[in-house]
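K.L.:
Starting from these lines, generate the structure:
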Amino acid sequence: MVLSEQHFSCMHVNLLPWPPRSPDLSAIKQVWNMIGRRLASLAVDPQTIDALRREIQTAWNNLPQ
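P.N.:
Residues are numbered from 1 along each chain as shown. I've put the predicted structure just below:
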């Protein structure tokens, strides 16, 4: 048992069995997922890099805070 786990155990703190690098906890992966879904929902695909950048910026600006 790791020292910190021993300390928490002595303090009667219940730890969650969560992996330290769980992709579900990665905020940036969640952000890119939301942006990707927004881009996939567009009626017309952006035809230029500038149009794609504008759509990504719009999706970014509309992310929930």
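K.L.:
Check the offset of stretch 38-52 from the chain's centre.
P.N.:
Offset of stretch 38-52 from its chain centre (CA atoms, centre = their mean, to the nearest Å): 21 Å.
K.L.:
make that stretch 54-65, sorry
P.N.:
With CA atoms, centre = their mean as the basis, stretch 54-65 stands 14 Å off its chain's centre.
K.L.:
Only the buried residues of it, if you could.
P.N.:
55-56, 59 (16 or more other CB atoms under 10 Å). Quick note: C-beta positions are derived from backbone N, CA and C, even for glycine.
K.L.:
got the contact list for it?
P.N.:
Residues outside stretch 54-65 that contact it (CB atoms under 8 Å, 6 or more residues apart in numbering) are 31, 34-35, 38-39, 42, 46.
K.L.:
Distance of residue 25 relative to residue 18?
P.N.:
According to CB to CB, to the nearest Å, residue 25 and residue 18 sit 8 Å apart.
K.L.:
again with residue 30
P.N.:
Between residue 30 and residue 18 the computed distance is 16 Å (CB to CB).
K.L.:
again with residue 36
P.N.:
The gap separating residue 36 from residue 18 is 25 Å, by CB to CB.
K.L.:
Those two: who's more crowded?
P.N.:
Between residue 36 and residue 18, counted using other CB atoms under 10 Å, the more crowded position is residue 36 (12 against 9).
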